[in-house]
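[1] dropping a prediction and its sequence here:
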Amino acid sequence: MDSVLFHEEQHLRTSKLMWVVIPAIVLAIAAMIYALVQQLAFDEPVGDDPLSNELMIVVLVPSILLMIALAWLLWASKLVTEVHDDGIYIQYVPYHRHLLTYKWSDLQDFQTREYRPIREFGGWGLRLSPFGGGMAYNVSGNQGLQLVLKSGKKILIGTQRRDELDAALKQIKLD
């Protein structure tokens, strides 16, 4: 890797959707903990047809742990994009352990563009288009860098800083 011409980190936690999802997860966890405490500590059955104490533990404890893991996964998610002299580097943390590299020599075409996240990829995140649009790595918004590999594979990388990305791409000297 040589000099970095562009660097962007997009955090999923800054997405407006997180203001709905994270509180919903926290409320679900609180409700499950409340039910456990009511039934196990205060011996007050929860609901009209309550679960046995053993079954409640078997069902709710793993559910709580899964919800905590989901909340952490969403909170920790970020998309890192770098433009270097030799290619594009991306990493969708925590899903990728290492940077993915797309060398300029492996690309047939690249350009920034506006896209329709829901229509083209079914939303945001790590997405595989059901309509032949390839893979998308995006956090929010509708601006991205479209890569077309010489193999024909398409990759879209979302950006919140399209103008700066365009300026960095203009600095690339391809043979």
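    Cool, the structure landed. Predicted model, so just to flag it, every value in this text is computed and none were measured.

[2] check contacts around residue 88.
    Counting by Cβ atoms under 8 Å, 6 or more residues apart in numbering, residue 88 makes contact with 81, 82, 101, 102, 110, 145, 147, 157. Quick note: C-beta positions are derived from backbone N, CA and C, even for glycine.

[3] and these, which is closest to residue 122?
    When the contacts of residue 88 are compared for distance to residue 122 (Cβ to Cβ), residue 157 comes out closest, at 16.7 Å.

[4] thinking again about what came up before, export the contacts of residue 88 as TSV, with columns for secondary structure and distance to residue 16.
    What follows is those, written out as TSV (DSSP: H, G, I helix; E, B strand; the rest coil; distance: Cβ to Cβ, whole Å):
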residue	secondary structure	distance to residue 16
81	strand	21
82	strand	26
101	strand	31
102	strand	29
110	strand	29
145	strand	22
147	strand	27
157	strand	20
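
[5] ChimeraX command for the buried members of the residues you listed?
    Buried residues within those, by 16 or more other Cβ atoms under 10 Å, are selected in ChimeraX with:
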select :81,82,102,110,145,147,157
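
[6] for the contacts of residue 88, give me CSV that also has distance to residue 26 and pLDDT.
    Shown next, in CSV, are these (distance: Cβ to Cβ, whole Å; pLDDT from 0 to 100):
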residue, distance to residue 26, pLDDT
81, 30, 98
82, 34, 97
101, 37, 96
102, 38, 97
110, 40, 96
145, 34, 98
147, 37, 97
157, 31, 98
